[in-house]
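Engineer: Structure for this input, please:
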Amino acid sequence: MSDSTLPKDGNTSASNPVSRRSFLAAAGAVAGAAGVLAASQKAFAYGPASNYLPGSLVKSTIKRLDKFPYELGGVQRFREVLNAFGNPPGYAEFKKDYPPTTMQKMQDKVPGFTLVDQALYNAAWTSYRGAPSLFSWEPLGVAKPVPQIGRWEGTPEEANIIIKKAARIFGAADAGVARTNPLWFYATVGRDKETPIEFTDQVTSPVKTPDLIQIPNSMQSVIVLIIPMDLQMMQFTPSALGSAAVGVGYSGMIEVASKLAEFIRGLGYQAIPMGNDTSLSVPMAIEAGLGEQGRAGILVHPVLGTCLRISKVLTDLPIAPDKPIRFGAQEFCKSCKKCARECPAGAIPMDDEYNEPIRVSNNPGPKKWYVDVWKCHCFWSTNGAPCGTCQRTCPYNKPQTWMHDLVKGMTATTSILDPVFIKLDDLMGYGTYYDPDAAARFWKEAAWPTQG
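Structural biologist: Numbering: from 1, shown residues only. Okay, here's the model as predicted:
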């Protein structure tokens, strides 16, 4: 989490010992509140941007680190074409059933896959797919630099505050800053023709040609943006209805990143907005202090959990970086395994410890859980709609209530009660498989869904 009120360092981490008195007191609070929680209605909706900041208990358990928190091994820059969405060799066979399956389910009026559901899903992507020029590396003409005034001048620390405030105004739930690390940029981009990306002192502005992309070394900062997704809608995944939340998230990615890029250009600096193109999002978000990498290979944010999307802005604006954080997510993932258990494709490993790369689409080197993304997308094809089950089922996806903050705080301090919390999460019905009956009722009831 990038909030400037978080501790710069400290002694709170998942491995820290807990006094017997404090542990028993917290455990008693959990037990006493369990009945109240069980009787209460589940709440998923998030509110204004201020609500995305961690509560005091969660904030107190977040530890800032001085270096990247995971072993990278011999990791090399990745080629975009090897990404599962980049059409790597041998992957086409996994996608061939998608269109006919979608059409058949629409014709059969399967709840969550009807014409109305599909129209909602397609429309949700309007900004991302309908206006890709918003990711332009050139100024859009909206920002109006004032030559008589010159560039904005301030300290890197002041820039950090200004950028985060602007990001929240534009719709980001959170934002963090990392130093530019070429390792997280694709070595080449493009599917049919691969174009290398290089960082160089030979240019002062980004240059894109069919044969080479050059980024000036002066662009030393990456601003990482967290875009929230609607948990109420995600309860319907893996259907077209539930995946509308994903489309809205992607549209938010391009809208926020393009606005922030224009804001920076208006200050007199260069900016490159990025979605999933050009660079890897999760390691950048980790370096920017926005979360940990979970079992499903996606970012776990202290407040939003995994129900989020990530976009970025590369800039030459001098801005103070944030530090990576730890708050016990990876330790909890070792015990939880809920995303792996519920994954309809069996793509997420159940191993207690980290596994080895499985497919060419896994970037080898880092010590982590590797997901069989081809199995994942094969399910998409036979399902006729994308799947976000791993995001929907994560126990970190909870609104800010004192009870949920207490549980998050305890998991960041000790793993002793992790199995109990996982069982309670199941008993409460959080993250269960989508209910076709609920999907069928969605368009017939005026009330907004509140339970999943």
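Engineer: ranges for the helices of the stretch 101-250 of the chain?
Structural biologist: In the stretch 101-250 of the chain, the helices defined using DSSP state H, counting those that start in this stretch lie at 115-124, 126-130, 156-169, 231-234, 240-266.
Engineer: Thought Arg79 was touching Tyr186, still the case?
Structural biologist: Yes: with contact defined as Cβ atoms under 8 Å, Tyr186 reaches Arg79; the gap is 6.5 Å. C-beta: built from backbone N, CA, C; applies to glycine.
Engineer: which of these two has more neighbours?
Structural biologist: Tyr186 (23 against 18; other Cβ atoms under 10 Å).
Engineer: hang on, the earlier thing: nearest to Cys339 among the helices of the stretch 101-250 of the chain would be which one?
Structural biologist: helix 231-234 (13.0 Å; Cβ to Cβ).
Engineer: quick one, strands of the stretch 51-200 of the chain?
Structural biologist: 63-64, 174-179, 188-189, 195-200 (DSSP state E, counting those that start in this stretch).
Engineer: Tell me the helices and strands packed up against the first one.
Structural biologist: What that stands for is strand 63-64. Counting contacts by 3 or more Cβ pairs under 8 Å, 6 or more residues apart in numbering; DSSP states H and E, strand 63-64 packs against strand 325-326.
Engineer: Tell me the gap between the next helix or strand after the strand it packs on and the middle of its chain.
Structural biologist: The helix or strand immediately downstream of strand 325-326 is helix 329-336, counting by DSSP states H and E. On the basis of Cα atoms, centre = their mean, to the nearest Å, helix 329-336 is displaced by 17 Å from the centre of the chain it belongs to.
Engineer: next one: stretch 325-342
Structural biologist: That offset, for stretch 325-342, works out to 15 Å (Cα atoms, centre = their mean).
Engineer: next one: stretch 292-307
Structural biologist: That offset, for stretch 292-307, works out to 7 Å (Cα atoms, centre = their mean).
Engineer: avg pLDDT for that stretch?
Structural biologist: Mean per-residue pLDDT for stretch 292-307: 95.
Engineer: what's the answer for stretch 211-221, then?
Structural biologist: Stretch 211-221 comes out at a mean pLDDT of 98.
Engineer: now stretch 339-357
Structural biologist: The model assigns stretch 339-357 a mean pLDDT of 95.
Engineer: Just to be sure, Arg309 is in a strand?
Structural biologist: Yes: under DSSP: H, G, I helix; E, B strand; the rest coil, Arg309 falls within a strand.
Engineer: For it, which non-adjacent residue is spatially closest?
Structural biologist: Distance criterion Cβ to Cβ, 6 or more residues apart in numbering; nearest residue to Arg309, sequence neighbours excluded, is Gly249 at 3.9 Å.
Engineer: likewise Leu72?
Structural biologist: Leu72 sits nearest to Pro366 (Cβ to Cβ, 6+ apart), 5.2 Å away.
Engineer: quick one: that neighbour and Phe68 touch, right?
Structural biologist: No: using Cβ under 8 Å, Pro366 is not in contact with Phe68, being 9.6 Å away.
Engineer: The two: who's more crowded?
Structural biologist: Legend: neighbour count by other Cβ under 10 Å for Pro366 and Phe68, higher for Pro366 (18 against 15).
Engineer: For stretch 266-277, C-alpha coordinates in CSV please.
Structural biologist: Output of stretch 266-277 as CSV, limited to C-alpha atoms (Å, rounded to 0.1, in the frame of the first residue of the first chain):
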residue,chain,number,x,y,z
GLY,A,266,0.6,19.3,-18.6
LEU,A,267,3.3,19.7,-15.9
GLY,A,268,5.9,19.7,-18.7
TYR,A,269,7.2,16.1,-18.6
GLN,A,270,6.9,13.1,-20.8
ALA,A,271,4.6,10.2,-20.0
ILE,A,272,3.8,6.8,-21.6
PRO,A,273,0.5,5.2,-20.4
MET,A,274,0.5,1.4,-20.4
GLY,A,275,-2.1,-1.4,-19.8
ASN,A,276,-1.0,-5.0,-20.2
ASP,A,277,1.1,-3.9,-23.2
